[in-house]
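*Asks:* need the 3D shape of this:
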Amino acid sequence: MKKRTSLFVGFLVALFLINCKQNKKHVEDVSNRNVIESVEKSSLNSCEETLFKVVQSSDLDFRGVKNFFVRVESIEEDEITMQVYFENNLSDNVNQKQIVESTIAWLLFLPNRNELLNITADPENPENLNFKYHVEDDFFKNCNIEKKKITKPSIDCIDLEVEMGSGQECLIKNTTIEEVYKNVILNKELEDVKWFLEQLPKKNKTLEIKQNGLNTIDYVIEENTIEVLMYYDGGLTELTIKKINNDVKKTIIYNAD
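*Replies:* Alright, predicted model coming up:
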């Protein structure tokens, strides 16, 4: 009888030790998971804090709102989509709030290119926003984005002889049609470039301008070539951007009537 009792007590002790070990492992797993989640949340908060400063320093139209918030909607490769919004308390009861969010804008931030785009009205043709805040290296880590070195393409230009006009042709190394087009706008390489679409259209498009002698702007879109034709009362300005292997040829011609 004594032997059986000893065996039973030994079994209970062993079972107790196993349960303690399992409980300890469960507590450790939960603790580790909480630490990981806390670190991820902290990184996201730091990411959004930086984005807030970027937006705050921009020329976005805040529609008179002083207290706004920034929320990361998605991060894909090096593109961050975020919502800029403000909160309204609709409750008449001082002790019970009824918070409703209202969107100010949807923005796309490209930190490697240092570009901030307003995609609220038309994601296909976003509006370029200027901002002053400088993004530090730790931002890329907090937002889980790879920092890439963007090299400035080399440019080789020649003047063109054009009957009843003038022109210039440039070969730009290691770039794309879209990048060259953006730089034409950013650098204001053409008069009245402010009327250009922020992004190239997917198909042919005509813009009616009728301002300061500029009547229309035609976009002619082909597979490896785009033309932007600016029709003035006194002539035609042609911008042609053509892809040649890894390079792009940009031609600007001013034609007088």
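*Asks:* can you give me the helices in the stretch 51-200 of the chain?
*Replies:* 137-142, 177-186 (DSSP state H, counting those that start in this stretch).
*Asks:* V180 touches K242, doesn't it?
*Replies:* No - contact status for V180 versus K242: not in contact, 9.6 Å apart, counting by C-beta atoms under 8 Å. Backbone N, C-alpha and C define where each C-beta goes, glycine included.
*Asks:* of those two, who's got more company?
*Replies:* Using other C-beta atoms under 10 Å as the criterion, V180 and K242 rank with V180 on top: 23 against 16.
*Asks:* next one: phi and psi at F196?
*Replies:* phi -70, psi 150 (degrees, to the nearest 10).
*Asks:* got any residues that touch both of V180 and K242?
*Replies:* 248, 250 (C-beta atoms under 8 Å, 6 or more residues apart in numbering).
*Asks:* okay, the helices of the stretch 51-200 of the chain, which one's buried deepest?
*Replies:* Sort these by mean neighbour count, taking mean count of other C-beta atoms under 10 Å, and helix 177-186 sits at the top with a mean of 17.
*Asks:* quick check, distance from it to the centre of its chain.
*Replies:* 16 Å (C-alpha atoms, centre = their mean, to the nearest Å).
*Asks:* so what touches that helix?
*Replies:* Residues outside helix 177-186 that contact it (C-beta under 8 Å, 6+ apart) are 128, 153, 172, 189-190, 193, 196, 198-200, 224, 226, 239, 241-243, 248, 250.
*Asks:* strands - which of those residues land there?
*Replies:* In this view, these that belong to strands under DSSP state E are 128, 172, 226, 239, 241-243, 248, 250.
*Asks:* including pLDDT and distance to C47, could those go into JSON lines?
*Replies:* Below are the ones in strands among the contacts of helix 177-186 laid out as JSON lines (pLDDT from 0 to 100; distance: C-beta to C-beta, whole Å):
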{"residue": "N128", "pLDDT": "87", "distance to C47": "22"}
{"residue": "I172", "pLDDT": "94", "distance to C47": "33"}
{"residue": "I226", "pLDDT": "97", "distance to C47": "35"}
{"residue": "L239", "pLDDT": "97", "distance to C47": "38"}
{"residue": "I241", "pLDDT": "97", "distance to C47": "35"}
{"residue": "K242", "pLDDT": "97", "distance to C47": "39"}
{"residue": "K243", "pLDDT": "96", "distance to C47": "35"}
{"residue": "V248", "pLDDT": "96", "distance to C47": "34"}
{"residue": "K250", "pLDDT": "96", "distance to C47": "36"}
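*Asks:* now restrict the residues you listed to buried residues only.
*Replies:* 172, 226, 239, 241-243, 248, 250 (16 or more other C-beta atoms under 10 Å).
*Asks:* can you lay out those residues as CSV showing distance to E48?
*Replies:* CSV is the format used below for those (distance: C-beta to C-beta, whole Å):
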residue, distance to E48
I172, 36
I226, 37
L239, 39
I241, 37
K242, 41
K243, 38
V248, 36
K250, 38
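*Asks:* return the member of the residues you listed nearest to V100.
*Replies:* Set against V100, the nearest of these by C-beta to C-beta is I226 (43.9 Å).
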